[in-house]
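Engineer: Fold the following.
(chains A, B, C and D)
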Protein chains: 4
Amino acid sequence: MTQGRPLRVAMIGYGFMGAAHSVGWRQAPRMFDLPVPVEMAVVVGRNGAAVTAAAQKWGWAESATDWREVIGRDDIDIVDIVTPGDSHAEIAVAALAAGKHVLCEKPLANTVAEAQEMADAAAQAATRGIRSMVGFTYRRVPAVTLLRDLIAEGMVGRVQQVRAAYRQDWLVDPAMPLAWRLQKEHAGSGALGDIGAHIIDMTQFVTGQTVDSVTGVLETIVAERPLQGEGSGLSGTAAEGFGQVTVDDAAIFTGRLSGGALASFEATRFATGRKNALTIEVSGDKGALLFDLEDLNSLQFYDRTAAEDRQGFTKILVTEASHPYVAAWWPAGHMLGYEHGFTHQAVDFVAAIADGTDPHPSFAEGLSVQQVLDAVERSNENDSAWVRVHVPAAASV
Amino acid sequence: MTQGRPLRVAMIGYGFMGAAHSVGWRQAPRMFDLPVPVEMAVVVGRNGAAVTAAAQKWGWAESATDWREVIGRDDIDIVDIVTPGDSHAEIAVAALAAGKHVLCEKPLANTVAEAQEMADAAAQAATRGIRSMVGFTYRRVPAVTLLRDLIAEGMVGRVQQVRAAYRQDWLVDPAMPLAWRLQKEHAGSGALGDIGAHIIDMTQFVTGQTVDSVTGVLETIVAERPLQGEGSGLSGTAAEGFGQVTVDDAAIFTGRLSGGALASFEATRFATGRKNALTIEVSGDKGALLFDLEDLNSLQFYDRTAAEDRQGFTKILVTEASHPYVAAWWPAGHMLGYEHGFTHQAVDFVAAIADGTDPHPSFAEGLSVQQVLDAVERSNENDSAWVRVHVPAAASV
Amino acid sequence: MTQGRPLRVAMIGYGFMGAAHSVGWRQAPRMFDLPVPVEMAVVVGRNGAAVTAAAQKWGWAESATDWREVIGRDDIDIVDIVTPGDSHAEIAVAALAAGKHVLCEKPLANTVAEAQEMADAAAQAATRGIRSMVGFTYRRVPAVTLLRDLIAEGMVGRVQQVRAAYRQDWLVDPAMPLAWRLQKEHAGSGALGDIGAHIIDMTQFVTGQTVDSVTGVLETIVAERPLQGEGSGLSGTAAEGFGQVTVDDAAIFTGRLSGGALASFEATRFATGRKNALTIEVSGDKGALLFDLEDLNSLQFYDRTAAEDRQGFTKILVTEASHPYVAAWWPAGHMLGYEHGFTHQAVDFVAAIADGTDPHPSFAEGLSVQQVLDAVERSNENDSAWVRVHVPAAASV
Amino acid sequence: MTQGRPLRVAMIGYGFMGAAHSVGWRQAPRMFDLPVPVEMAVVVGRNGAAVTAAAQKWGWAESATDWREVIGRDDIDIVDIVTPGDSHAEIAVAALAAGKHVLCEKPLANTVAEAQEMADAAAQAATRGIRSMVGFTYRRVPAVTLLRDLIAEGMVGRVQQVRAAYRQDWLVDPAMPLAWRLQKEHAGSGALGDIGAHIIDMTQFVTGQTVDSVTGVLETIVAERPLQGEGSGLSGTAAEGFGQVTVDDAAIFTGRLSGGALASFEATRFATGRKNALTIEVSGDKGALLFDLEDLNSLQFYDRTAAEDRQGFTKILVTEASHPYVAAWWPAGHMLGYEHGFTHQAVDFVAAIADGTDPHPSFAEGLSVQQVLDAVERSNENDSAWVRVHVPAAASV
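Structural biologist: Just a heads-up that it's a prediction; the model follows:
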């Protein structure tokens, strides 16, 4: 049973991610036994009417239009940032400075410099007991947490290869208009930063290793797209109603892990028929593990130490009470969905605050992903030659 | 945007189903645009402390211990019944008499007589604008609704065969104790009524036909189980700490549909390794459709009218905005889970109340399932000879 | 290396099964080390020109038109019968009497009486060292043999349920003409005898138990079909060019195994989109095994004794050298096909002859399947009441 | 019916590939209607006793130990080369010069220079009506041929991405000894040339495009392995019984196709649990196609032009008579295996000879694959920078 003064949450932003985070905050205290109550205090957005509607729809007690004012309020404990990436740094740094615990959507920032600033601020805040976390929620899919646990227990032995991909197809249609996500000045990058970031983080999370160097190529498959009309707010000339796509549609890269193994990555928005196909396979000298986001409640495990004539990939339905997070939900064989990860995220963040421990993924881990993304871009610009991740960008040229 | 006086819900019961229904009532107004607001007013249970805790955990405004008092309250509009089956009839009939809209968990009742009484009461209440619905929530899995829609559109043509099964394995362990669910006087029936009911309802729902006659066999595989101790409240002698299982562990039956086709059914709690494996395949002269509850977000469709050399089962990921219920949730490829059906159920029930239409599945449909269950039991008792579903039980002997 | 006088084979019949058996005899000595050489001596058929062409195409040294003459030849050691079922008994009994080893395609015969006569003849011949075998070749798919072996090793523990089906769809098209296979006087039965026989035999083979009683229903879904024209040789009136289908299109039945478990069976030619979908799942108190003929080189195994949080169905690729029959073929991961079972059958039959042991499935095992088929028909005729398999047909009425 | 003077085949080599090619030559005239008969005339190997045994086992009329003598014989029409890659060029060039049709196992040669010499010889021979073909048999898996056909018909539209992998795991065990295949001077390359060659050829075959430039990395995961003992014939120092692995265990590379799309490739012998996992997915603006060698008889097709709410990957069982090569085999749903490709290869080569047409894959196509392999090696040596495939090796540095 929860007790003590409730933790009051302010959510900055109210797009698609706002809906998902709202589910997380709403469900966490109802399905799990939190050590401290939480309250959905206020949602913040620039458009007053819209944010008021969002607050009412999603169940936030109040709405507000000035995030600076909100993070200055004494009654707010947690700031949850779900705005586009280019505003993450400013809000997060200010919130940490104001003594608020900060949960920030991924990617941590649009640039390494911003991410570095945020990680520094988080490290400094941690010395004052302020917690921060990045929203790589896929870590909290039960099957992914189990995957990490089984690797940590040595079930695959030494990691010798990783094969990861995140494939979608929503850009295959050339009539899809030139949204802000397809212009570099707004989105930072394309498939690489949006979905490539997930498979980088997941690889680092499940293996416990870092991606230390990369070689890769970025590709823009449809270079021009129709403009969306007056309200699009897009930059660039638009001869005949078309504009340039200035981010990547697909990113194919290979990394060298700190433990020595190679990991292949593919992130694309052009994999026709693939809607949300994140797959990761980790191969070791004792076994292998495979996760597929479109088979969300399963994990496949190959045990090389089993009797030779009955080895094979075992499809574990990760819905047993003994599996991570599952005991709070339904009986075996009852499926969880996409948004459950957001509930688990809220639960874990609250627990870390209550326990006085540092939650993961930390801002430093978010920075690490950003550094890999940056290194892939540099490799792409340099004829796909290998780039070391941790060399400062300036020095790498 | 919802408006008007809110519909206030009283939930009677607070077991596992209470948790699931609570999610439904909690999420419905947050993810969908309801025509009328809903409020989680009161949860009712006999154990005052426990029901108070449930109310606090799940977010009900109040708790209470006397369901009769609650259904007499003027501020209650909807009574949601999630108690064990043997109390459904009494509560539902009283609530309908009190002018409350009633949502009742499946199975509608433990006997045909009770179900008949409930259906009669519901029909009478409907003349006064009172709505009632049975909780066969699997109808509201988007893939199942789509399955029904595609059949209704003629995509499989004339239905020629149905193959349905619901297989679990939680009784395989002989050390599993003799719970109340395994004694006939408490549970009514075993696998047949618990999970067999789902595949009967789903078959009738998706085909739009009724099961008119059946032949079947019931089986108790482990006949004696350890008693659970003093508090078990179980009847029967218990020599050496064991008691008789008096319900079926497995039910295998075949039905004749009103359209003429045969449908095979298997419901079992002894399918080792199968956790919640509901599958249904409908074969017609133009195509076939297959749904598997453990592949919750998919529907497989075989189109016999396609070019011969490229026919095959198409795995439709039922996560597009154009699919039933999905637009309210996440982008394509983002999975829904078990409890989403409870949200859809709440949404549809509220809509029916607001629109003044009769929701499905009606109590009459719930009665129909009960009649099939009863006919299977009679067939089993009569050497598996065919039994007509709609002949009164007394006449069939 | 093979040595000794070669075993010379005469094949009676030359239809589709003749092609498959020819592959078996052709490949057996080339891929396996047989204890005795075999020679494809003569193929026999009534149409001289056609059988001569078949001999040339498939590599038989001679052709002949009189099977009685051929089985009387001293240079023939093995008689391989691939004619329609209504001629099996006469040929097999004569061949056994002539001292020939006999391999007979399934089903053993069209009636229990014929099958009984054959089994008696085989038992008598066995006392003289004459071997006989029925062609249930699916037993010799490596994954099926492995399934049997794992059950025999106790990997699933006590068998508690079996679920078997054989589903095809070649009759879904109502324009498919009335072939001889669809008339009872020629074919004996429909889906039941043709494909139902396979799942009965496989169930008995892998469990080591017999089907002792059954309840079932037979169904003719399309009752009239277009006649094929003058040469069809079909009986019955044909008003407006249509004739009656007099065999079952689908058979749904449940059996009680000698060990006590229930087994459900479905055989149908109307499962739209299912081409050759034989599946069998055996559930025990320690585990389960699943085979799917359309996933020919795999076997799925669920181990209930594994650590609870990593249980699941393991997909064993049955292509390792340690798996049955596989060492003679290709490296791991290289697939075998349909006709490999015929090669394995030839290999095993030759080995039994050389070793002086009785091969399986024996004619007695073939008779056993025939008795189950007969019992299903009797149950169907008696309102699906249970029928004991081993009670003579006359006594069961 | 075949007629005319038979084509007599000499097979040079008798290892694992010899067994597979022998099946092809044995089965081709028995299952297909060849325009000309073929005869398995002679098999050639250096070890007289062993090759005599192989001839007897596999059904070759004669054996011989001097390949030069055999290719000089007037009665030989076809030379089938299944020796290790370092002898391909010498034998093939000599056989073509002797006027023999040549079928050569893949890879065409161990070096680009040798492959170029062979392609030149083949082009010259073609002017004299002499045919030549490389043994990329996977092209002749019915599902792969169908994949190519569907792309050619425009079913995926413009190819926008290709994702191909060939993953095995036979080197995961570090105790696996240092076979000749793991030393560069004998094998030429490792996973790259052995299995990477297959996915390069398949990509070029199904898309009808060439790989024009590449970036890639090669990896040796286990650098030292135990020597196999005195008879190993391995070079290199062997302190303490270990020797250096001098080829790649894994190759990860990305290519640019002539049509502009990127194709990602992964070839590895370290994918734990993957036995023979060749997969290729081609994504276009109208659809996608996916083939998986471990699901040999299926092809998956996604049709973006279908109704939006029923799009999905259709699993086509490529076993219909209307599918490539299938009519000669079994009814729908009956599986083909690994070696059927070798039969189809023999059939197509004989047909090309009879028709006077040039079969594919030509030696020029084999050279093209060799050039891609070489470019990957050069990229690997140059920090994974992009390398153009068709620039001579010397010029690329």
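
Engineer: C-alpha only now, for contacts and for neighbours.
Structural biologist: Fine.

Engineer: ok, residue A:308 to chain B distance?
Structural biologist: Taking C-alpha to the nearest C-alpha, to the nearest Å as the measure, residue A:308 falls 22 Å from chain B.

Engineer: Relative to residue C:309, how far out is residue A:285?
Structural biologist: As defined by C-alpha to C-alpha, to the nearest Å, residue A:285 lies at a distance of 22 Å from residue C:309.

Engineer: Backbone torsions only: list them for the spatially closest residue to residue A:294 that is not a sequence neighbour.
Structural biologist: The shortest distance from residue A:294 to any non-neighbouring residue, by C-alpha to C-alpha, 6 or more residues apart in numbering or on different chains, is to residue A:277 (5.9 Å). Reported as degrees, to the nearest 10, the phi and psi values for residue A:277 are phi -90, psi 80.

Engineer: can you check the one 5 residues further on too?
Structural biologist: Main-chain dihedrals, residue A:282, degrees, to the nearest 10: phi -110, psi 120.

Engineer: Unless I misread the structure, residue A:365 falls within a strand.
Structural biologist: No: counting by DSSP: H, G, I helix; E, B strand; the rest coil, residue A:365 is not found in a strand; it is helix.

Engineer: Tell me the pLDDT of it.
Structural biologist: The model reports residue A:365 with a pLDDT of 98.

Engineer: Which residues are in contact with residue A:319?
Structural biologist: When contacts are counted by C-alpha atoms under 8 Å, 6 or more residues apart in numbering or on different chains, residue A:319 touches A:297, A:326, A:330, A:331, A:332, A:333, A:334, A:335.

Engineer: Would you write a ChimeraX line that selects the buried entries of the residues you listed?
Structural biologist: The following ChimeraX line selects those of the contacts of residue A:319 that are buried, judged by 16 or more other C-alpha atoms under 10 Å in any protein chain shown:
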select /A:297,326,330,332,333,334,335
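
Engineer: will you turn the contacts of residue A:319 into CSV that also has pLDDT?
Structural biologist: Listed next are the contacts of residue A:319 as CSV, based on pLDDT from 0 to 100:
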residue, pLDDT
A:297, 97
A:326, 97
A:330, 96
A:331, 95
A:332, 95
A:333, 96
A:334, 96
A:335, 96
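
Engineer: Name the nearest of the contacts of residue A:319 relative to residue D:210.
Structural biologist: Closest to residue D:210 out of the contacts of residue A:319 is residue A:297 (39.9 Å), distances taken as C-alpha to C-alpha.

Engineer: where in chain A is pLDDT low?
Structural biologist: Scanning chain A for pLDDT under 70 picks out A:1-4, A:229-240, A:391-397.

Engineer: So it: which segments form each domain?
Structural biologist: A:7-138, A:142-295+A:297-335+A:371-379 (automatic domain parsing).

Engineer: need these in a markdown table with distance to residue C:227, can you?
Structural biologist: Formatted as a markdown table, the domains of chain A follow (distance: least, C-alpha to C-alpha, whole Å):
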| stretch | distance to residue C:227 |
| --- | --- |
| domain A:7-138 | 61 |
| domain A:142-295+A:297-335+A:371-379 | 44 |
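
Engineer: Would you verify that residue A:63 is located in a strand?
Structural biologist: Yes: under three-state DSSP, residue A:63 sits within a strand.

Engineer: who's it bridged to?
Structural biologist: In this structure, residue A:63 bridges to residue A:43 when assessed by DSSP bridges.

Engineer: Residue A:151 contacts residue A:204, doesn't it?
Structural biologist: No: judged on C-alpha atoms under 8 Å, residue A:151 makes no contact with residue A:204 at a distance of 11.9 Å.

Engineer: Name the nearest residue to the residue of chain A found nearest chain C, ignoring sequence neighbours.
Structural biologist: In chain A, the residue that lies nearest chain C is residue A:314 (3.8 Å; C-alpha to the nearest C-alpha). Leaving aside its chain neighbours, residue A:314 sits nearest to residue C:314 (3.8 Å; criterion: C-alpha to C-alpha, 6+ apart).

Engineer: Look at the one you found and give its secondary structure.
Structural biologist: What three-state DSSP gives for residue C:314 is strand.

Engineer: so how many other residues sit close to it?
Structural biologist: Residue C:314 is flanked by 25 other residues according to other C-alpha atoms under 10 Å in any protein chain shown.

Engineer: Check residue A:152 too.
Structural biologist: For residue A:152, the neighbour count with other C-alpha under 10 Å is 14.

Engineer: got a list of what it touches?
Structural biologist: When contacts are counted by C-alpha under 8 Å, 6+ apart, residue A:152 touches residue A:207.

Engineer: The one 3 residues further on now?
Structural biologist: Contacts for residue A:155 (C-alpha under 8 Å, 6+ apart) come out as A:286, A:287, A:303.

Engineer: For the stretch 1-150 of chain A, what lies in contact range of chain B?
Structural biologist: Within the stretch 1-150 of chain A, the residues that sit near chain B (C-alpha under 8 Å from any C-alpha of the partner chain) are A:16, A:29, A:30, A:31, A:57, A:58, A:59.

Engineer: So how do I select the buried members of the residues you listed in ChimeraX?
Structural biologist: Buried subset of the residues of the stretch 1-150 of chain A next to chain B, written as a ChimeraX selection, criterion 16+ other C-alpha under 10 Å:
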select /A:29,30,31,57,58,59
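
Engineer: What helix or strand is the closest residue in space to residue A:194 that isn't next to it in sequence located in?
Structural biologist: Nearest residue to residue A:194, sequence neighbours excluded (C-alpha to C-alpha, 6+ apart): residue A:107, at 7.2 Å. Here residue A:107, judged by DSSP states H and E, is contained in no helix and no strand.

Engineer: surely the residue of chain A closest to chain C meets residue C:313?
Structural biologist: Yes: Residue A:314 is within contact range of residue C:313, at 5.3 Å (criterion: C-alpha under 8 Å).

Engineer: Dead centre of chain A: give me the residue that sits there.
Structural biologist: In chain A, the residue lying closest to the centroid (C-alpha atoms, centre = their mean) is residue A:136, at 2.9 Å.

Engineer: and the residue nearest to that one when sequence neighbours are not counted, what is it in contact with?
Structural biologist: Nearest residue to residue A:136 in three dimensions, chain neighbours excluded: residue A:106, at 6.0 Å (C-alpha to C-alpha, 6+ apart). Residues near residue A:106 by C-alpha under 8 Å, 6+ apart: A:85, A:134, A:135, A:136, A:366.

Engineer: can you check residue A:130 too?
Structural biologist: In this structure, residue A:130 makes contact with A:96, A:99, A:100, A:101, A:122, A:353, judged by C-alpha under 8 Å, 6+ apart.

Engineer: of these, buried ones?
Structural biologist: Taking 16+ other C-alpha under 10 Å as the criterion, what is buried in the contacts of residue A:130 is A:96, A:99, A:100, A:101, A:122, A:353.

Engineer: any idea how far the residue nearest to residue A:194 lies from residue A:132?
Structural biologist: 14 Å.

Engineer: Which one's more surrounded, those two?
Structural biologist: Between residue A:107 and residue A:132, counted using other C-alpha under 10 Å, residue A:132 has the larger neighbour count: 32 against 25.

Engineer: Is the more buried one bridged to anything, and to what?
Structural biologist: For residue A:132, the beta-bridge partners under DSSP bridges are residue A:102.

Engineer: Would you agree it is in contact with residue A:363?
Structural biologist: Yes: between residue A:132 and residue A:363 there is a contact under C-alpha under 8 Å: 6.7 Å.

Engineer: overlap in contacts of the two?
Structural biologist: Shared contacts of residue A:132 and residue A:363, defined by C-alpha under 8 Å, 6+ apart, comprise residue A:122.

Engineer: how close does residue A:68 get to residue A:60?
Structural biologist: For residue A:68, the distance to residue A:60 (C-alpha to C-alpha) stands at 18 Å.
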